[in-house]
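Asker: need a structure here:
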Amino acid sequence: MITIVDYEAGNLTSVKRALDYLGIDSVISPDPDEIRKSEKIIFPGVGHAASAMTTLTRRGLDTALQEAFKSGTPILGICLGTQIILSHSEEGDTSCLGLIDGRTMKFNLSNASLKIPHMGWNTISIRKSHPMLKGIVDETEFYFVHSYYPQPSNSSDIIAKCEYEIHFPAAIAKDTLFATQFHPEKSGVAGLSILNNFKTWDGESC
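Answerer: I've put the predicted structure just below:
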(Lines give C-alpha, C1' and ligand atoms only; values in the text may rest on other atoms or scores of the structure.)
Protein backbone atom coordinates (compact mmCIF):
# COMPACT_ATOMS: atom_id res chain seq x y z
CA MET A 1 0.00 0.00 0.00
CA ILE A 2 1.23 3.47 -0.94
CA THR A 3 0.45 6.37 1.40
CA ILE A 4 -0.03 9.83 -0.13
CA VAL A 5 0.89 12.50 2.43
CA ASP A 6 -1.95 14.92 3.17
CA TYR A 7 -0.61 18.27 4.37
CA GLU A 8 -3.27 20.56 2.88
CA ALA A 9 -1.32 20.98 -0.35
CA GLY A 10 -3.08 20.69 -3.70
CA ASN A 11 -2.91 17.89 -6.24
CA LEU A 12 -3.39 14.93 -3.89
CA THR A 13 -6.54 13.66 -5.58
CA SER A 14 -5.03 13.78 -9.08
CA VAL A 15 -2.15 11.60 -7.85
CA LYS A 16 -4.68 9.21 -6.28
CA ARG A 17 -6.68 9.04 -9.52
CA ALA A 18 -3.55 8.23 -11.53
CA LEU A 19 -2.69 5.40 -9.12
CA ASP A 20 -6.27 4.11 -9.26
CA TYR A 21 -6.05 4.09 -13.06
CA LEU A 22 -2.93 1.93 -12.82
CA GLY A 23 -4.59 -0.40 -10.30
CA ILE A 24 -2.14 0.60 -7.56
CA ASP A 25 -3.55 0.55 -4.02
CA SER A 26 -3.10 3.86 -2.21
CA VAL A 27 -4.55 5.96 0.58
CA ILE A 28 -4.40 9.69 1.33
CA SER A 29 -3.51 10.27 4.98
CA PRO A 30 -2.62 13.17 7.33
CA ASP A 31 -1.63 10.71 10.09
CA PRO A 32 2.09 10.74 10.98
CA ASP A 33 1.87 7.24 12.48
CA GLU A 34 0.48 5.93 9.20
CA ILE A 35 3.34 7.62 7.35
CA ARG A 36 5.88 5.96 9.64
CA LYS A 37 4.51 2.47 9.02
CA SER A 38 3.90 2.91 5.26
CA GLU A 39 5.44 0.51 2.78
CA LYS A 40 5.92 3.39 0.33
CA ILE A 41 5.19 7.12 0.44
CA ILE A 42 4.26 9.70 -2.19
CA PHE A 43 4.90 13.27 -1.11
CA PRO A 44 3.19 15.48 -3.71
CA GLY A 45 1.89 19.02 -3.49
CA VAL A 46 1.13 22.37 -5.08
CA GLY A 47 1.37 25.50 -2.97
CA HIS A 48 3.70 27.67 -0.88
CA ALA A 49 6.75 26.23 0.85
CA ALA A 50 6.43 28.18 4.11
CA SER A 51 2.73 27.33 4.49
CA ALA A 52 3.45 23.70 3.68
CA MET A 53 6.17 23.48 6.31
CA THR A 54 3.88 25.07 8.90
CA THR A 55 1.24 22.39 8.26
CA LEU A 56 3.79 19.56 8.19
CA THR A 57 5.21 20.68 11.53
CA ARG A 58 1.80 21.19 13.13
CA ARG A 59 0.71 17.69 12.17
CA GLY A 60 4.01 16.05 13.09
CA LEU A 61 4.47 14.97 9.49
CA ASP A 62 7.91 16.57 9.24
CA THR A 63 9.46 14.17 11.75
CA ALA A 64 7.42 11.26 10.37
CA LEU A 65 8.87 11.83 6.89
CA GLN A 66 12.39 12.26 8.25
CA GLU A 67 12.06 9.00 10.20
CA ALA A 68 10.62 7.16 7.19
CA PHE A 69 13.52 8.32 5.04
CA LYS A 70 16.10 7.27 7.64
CA SER A 71 14.45 3.84 7.93
CA GLY A 72 14.76 3.23 4.18
CA THR A 73 11.13 3.61 3.10
CA PRO A 74 10.87 4.34 -0.66
CA ILE A 75 9.60 7.90 -1.12
CA LEU A 76 8.47 9.70 -4.29
CA GLY A 77 8.41 13.50 -4.11
CA ILE A 78 6.45 15.57 -6.63
CA CYS A 79 6.66 19.35 -7.32
CA LEU A 80 6.30 21.16 -3.97
CA GLY A 81 7.08 17.84 -2.29
CA THR A 82 10.37 17.85 -4.20
CA GLN A 83 11.22 21.42 -3.25
CA ILE A 84 10.70 21.03 0.50
CA ILE A 85 12.70 17.82 0.87
CA LEU A 86 15.75 20.09 0.57
CA SER A 87 17.29 22.03 3.46
CA HIS A 88 15.91 25.48 2.66
CA SER A 89 13.54 27.24 0.27
CA GLU A 90 13.74 30.82 -0.99
CA GLU A 91 9.94 30.76 -1.08
CA GLY A 92 9.13 32.32 2.28
CA ASP A 93 12.81 32.03 3.29
CA THR A 94 11.95 28.86 5.15
CA SER A 95 13.84 25.91 6.59
CA CYS A 96 12.64 22.63 5.09
CA LEU A 97 12.92 18.89 5.73
CA GLY A 98 16.60 18.46 4.88
CA LEU A 99 16.29 14.96 3.43
CA ILE A 100 18.64 16.11 0.67
CA ASP A 101 21.12 18.90 1.30
CA GLY A 102 20.44 21.91 -0.89
CA ARG A 103 18.20 24.90 -1.57
CA THR A 104 15.06 25.58 -3.57
CA MET A 105 15.71 28.60 -5.78
CA LYS A 106 13.42 31.13 -7.46
CA PHE A 107 13.67 31.47 -11.25
CA ASN A 108 15.58 34.64 -12.11
CA LEU A 109 15.39 34.85 -15.88
CA SER A 110 16.72 37.55 -18.21
CA ASN A 111 14.48 36.63 -21.16
CA ALA A 112 11.28 38.65 -20.72
CA SER A 113 9.41 36.39 -23.15
CA LEU A 114 9.71 33.46 -20.75
CA LYS A 115 6.87 33.56 -18.25
CA ILE A 116 6.98 32.58 -14.61
CA PRO A 117 5.66 30.16 -13.55
CA HIS A 118 7.29 27.76 -15.98
CA MET A 119 4.13 26.02 -17.14
CA GLY A 120 3.54 23.34 -19.73
CA TRP A 121 5.36 20.52 -21.46
CA ASN A 122 9.14 20.42 -21.57
CA THR A 123 11.77 17.78 -22.23
CA ILE A 124 14.17 16.35 -19.68
CA SER A 125 17.82 15.46 -20.18
CA ILE A 126 18.75 12.31 -18.27
CA ARG A 127 22.12 12.65 -16.51
CA LYS A 128 22.19 9.37 -14.56
CA SER A 129 20.37 6.08 -14.90
CA HIS A 130 17.87 5.25 -12.18
CA PRO A 131 15.28 2.46 -11.76
CA MET A 132 12.52 5.06 -11.45
CA LEU A 133 13.26 6.15 -15.03
CA LYS A 134 13.00 2.64 -16.45
CA GLY A 135 11.41 2.89 -19.90
CA ILE A 136 11.97 6.67 -20.08
CA VAL A 137 14.25 7.85 -22.88
CA ASP A 138 16.27 11.05 -23.06
CA GLU A 139 14.30 14.12 -24.20
CA THR A 140 10.95 12.71 -23.04
CA GLU A 141 8.38 15.44 -22.35
CA PHE A 142 6.80 15.97 -18.95
CA TYR A 143 4.38 18.55 -17.56
CA PHE A 144 5.72 21.35 -15.33
CA VAL A 145 4.05 24.08 -13.24
CA HIS A 146 6.48 25.92 -10.93
CA SER A 147 8.18 29.22 -10.08
CA TYR A 148 10.95 27.63 -7.99
CA TYR A 149 13.29 24.73 -8.63
CA PRO A 150 15.38 22.36 -6.46
CA GLN A 151 19.15 22.77 -6.37
CA PRO A 152 20.92 20.00 -4.43
CA SER A 153 24.32 20.85 -2.95
CA ASN A 154 25.73 17.60 -4.34
CA SER A 155 25.53 17.36 -8.13
CA SER A 156 25.51 13.56 -7.86
CA ASP A 157 21.95 13.83 -6.50
CA ILE A 158 20.75 15.21 -9.84
CA ILE A 159 19.22 12.53 -12.06
CA ALA A 160 17.75 14.66 -14.86
CA LYS A 161 17.68 18.30 -15.91
CA CYS A 162 15.36 20.55 -17.90
CA GLU A 163 16.07 23.79 -19.76
CA TYR A 164 14.09 26.99 -19.25
CA GLU A 165 16.73 29.57 -20.10
CA ILE A 166 18.77 27.93 -17.33
CA HIS A 167 19.33 24.21 -16.86
CA PHE A 168 17.60 23.22 -13.62
CA PRO A 169 17.19 19.82 -11.91
CA ALA A 170 14.02 18.07 -13.05
CA ALA A 171 14.59 14.87 -11.05
CA ILE A 172 16.76 14.31 -7.98
CA ALA A 173 17.44 11.26 -5.84
CA LYS A 174 19.26 10.08 -2.76
CA ASP A 175 19.12 6.61 -1.21
CA THR A 176 15.44 5.53 -1.17
CA LEU A 177 14.15 8.97 -2.19
CA PHE A 178 13.34 9.94 -5.77
CA ALA A 179 11.71 13.27 -6.58
CA THR A 180 10.54 15.12 -9.67
CA GLN A 181 9.91 18.82 -10.27
CA PHE A 182 7.46 17.83 -13.02
CA HIS A 183 4.07 16.23 -12.43
CA PRO A 184 4.09 12.54 -13.46
CA GLU A 185 0.36 12.31 -12.72
CA LYS A 186 -0.25 14.97 -15.41
CA SER A 187 2.35 13.75 -17.90
CA GLY A 188 0.47 11.12 -19.88
CA VAL A 189 2.00 7.73 -20.64
CA ALA A 190 5.52 8.72 -19.57
CA GLY A 191 4.32 9.99 -16.22
CA LEU A 192 2.24 6.89 -15.61
CA SER A 193 5.36 4.82 -16.33
CA ILE A 194 7.16 6.58 -13.47
CA LEU A 195 4.27 5.94 -11.09
CA ASN A 196 4.22 2.31 -12.21
CA ASN A 197 7.98 2.09 -11.64
CA PHE A 198 7.42 3.33 -8.09
CA LYS A 199 5.06 0.41 -7.48
CA THR A 200 7.91 -2.06 -8.02
CA TRP A 201 10.90 0.03 -6.91
CA ASP A 202 12.58 -1.42 -3.81
CA GLY A 203 14.58 1.71 -3.05
CA GLU A 204 17.80 0.60 -4.71
CA SER A 205 19.51 3.22 -6.88
CA CYS A 206 20.72 0.80 -9.55
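
Asker: return the residue of the protein that is most distant from the centre.
Answerer: residue 112 (27.7 Å; CA atoms, centre = their mean).

Asker: does anything pack onto the longest helix along the chain? Which helices or strands?
Answerer: For the chain, the helix with the greatest residue count under DSSP state H is helix 188-200. The elements that helix 188-200 packs onto, with contact taken as 3 or more CB pairs under 8 Å, 6 or more residues apart in numbering; DSSP states H and E, are helix 12-22, strand 141-146. From N, CA and C alone the C-beta is placed, and that goes for glycine too.

Asker: among the ones you listed, which is the most enclosed?
Answerer: strand 141-146 (a mean of 20; mean count of other CB atoms under 10 Å).

Asker: so residue 154 touches residue 169, yeah?
Answerer: No: look at residue 154 against residue 169 with CB atoms under 8 Å: they stay out of range, at 11.2 Å.

Asker: which of these two has more neighbours?
Answerer: Taking other CB atoms under 10 Å, residue 154 and residue 169 do not tie; residue 169 has more neighbours (24 against 11).

Asker: poorly predicted segments of this structure, please.
Answerer: 206 (pLDDT under 70).

Asker: could you pull out the strands for it?
Answerer: 2-5, 26-29, 40-43, 75-78, 88-89, 94-95, 102-106, 118-126, 141-146, 148-152, 158-164, 166-174, 177-180 (DSSP state E).

Asker: and of those strands, who's closest to residue 186?
Answerer: Judged by CB to CB, the one of the strands of the chain that comes nearest to residue 186 is strand 141-146, at 4.4 Å.

Asker: which strands or helices does that closest one pack on?
Answerer: strand 118-126, helix 188-200.

Asker: same thing but 6 Å
Answerer: strand 118-126 (3 or more CB pairs under 6 Å, 6 or more residues apart in numbering; DSSP states H and E).

Asker: in the strand it packs on, what counts as buried?
Answerer: Under the neighbour-count criterion of 16 or more other CB atoms under 10 Å, strand 118-126 has 118, 124, 126 buried.

Asker: so residue 78 sits against residue 46, correct?
Answerer: No: contact status for residue 78 versus residue 46: not in contact, 9.0 Å apart, counting by CB atoms under 6 Å.

Asker: now the common contact residues for those two.
Answerer: Counting by CB atoms under 6 Å, 6 or more residues apart in numbering, residue 78 and residue 46 have no contacts in common.
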